[in-house]
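# structure, please.
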Amino acid sequence: MTGHSGGGFMSTAAMLVYPDFFKVAVSGAGNHENQIYNRWWSERHHGVTEKVSAKGDTTFSYQINKNTELAKNLKGRLLIATGDIDNNVHPANSIRMVEALIKANKRFDFLLLPGQRHGFGDMTEYFFWKMGDYFSQYLLGDSKMNEVDMTEMNREKPQK
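Numbers count the residues shown, from 1 in each chain. Below is the predicted model:
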């Protein structure tokens, strides 16, 4: 499975909550720790509980799992990718996930896309091929990554 942004959170969560079912995931720009992401997103997409006290005061609470707290559950193959200047989901979300996986002694892959914002900009095609290689290798057991000439893939772009 794959996902980007909230989908990156969910694809990783699926690997960690259902580790015996999901075998491979690619997580792009995932908001793995919602307390350092936009609060409104968490409330809207993870539900809010309204509490009214005996005095009539109303408060709201929500409980959102952090992927970092579930890192010990990883069994399959996980590729985490983020742009280093993501202007929506701060790269710290992915970096904290990486740290949690390391501390849990889990094997995983990490791709940092330099100079890229939330949508991976001019490295989107590179990421697409990387994701394809990842699924080919770990789902089909047959990656053709050494047969793709990266210069040819980017032939429309001037080489620096």
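# where does this protein have its least confident helix or strand?
In the chain, no helix or strand scores lower on mean pLDDT, DSSP states H and E than helix 39-46, which sits at a mean of 54.
# export stretch 71-87 as CSV, just CAs?
Presented in CSV, the C-alpha positions along stretch 71-87 are these (Å, rounded to 0.1, in the frame of the first residue of the first chain):
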residue,chain,number,x,y,z
ALA,A,71,7.1,1.1,15.7
LYS,A,72,7.9,-2.1,17.5
ASN,A,73,5.1,-3.8,15.5
LEU,A,74,6.8,-3.5,12.1
LYS,A,75,7.3,-6.8,10.3
GLY,A,76,7.1,-6.0,6.6
ARG,A,77,9.0,-3.6,4.3
LEU,A,78,8.5,0.1,4.8
LEU,A,79,9.9,3.0,2.8
ILE,A,80,9.5,6.4,4.4
ALA,A,81,10.1,9.4,2.1
THR,A,82,10.0,13.1,2.8
GLY,A,83,11.1,16.4,1.2
ASP,A,84,13.6,18.3,3.4
ILE,A,85,11.7,21.6,3.1
ASP,A,86,8.1,20.2,3.2
ASN,A,87,5.9,23.2,3.8
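# so what touches the longest strand seen in the chain?
Counting residues, the longest strand found in the chain (DSSP state E) is strand 77-83. Strand 77-83 is contacted from outside by 8, 12, 15, 23-30, 89, 91, 93-95, 97-98, 101, 108-113, 115-118, 120-121, 123, 127, 130-131, 134, 138, using CB atoms under 8 Å, 6 or more residues apart in numbering. Every residue, glycine included, has its C-beta placed from N, CA and C.
# equivalent analysis for stretch 129-149, please.
2, 23, 24, 26, 76, 77, 79, 81, 109, 111, 150, 153.
# and it, how far from the chain's centre?
What separates the centre of stretch 129-149 from the centre of its chain is 19 Å, taken as CA atoms, centre = their mean, to the nearest Å.
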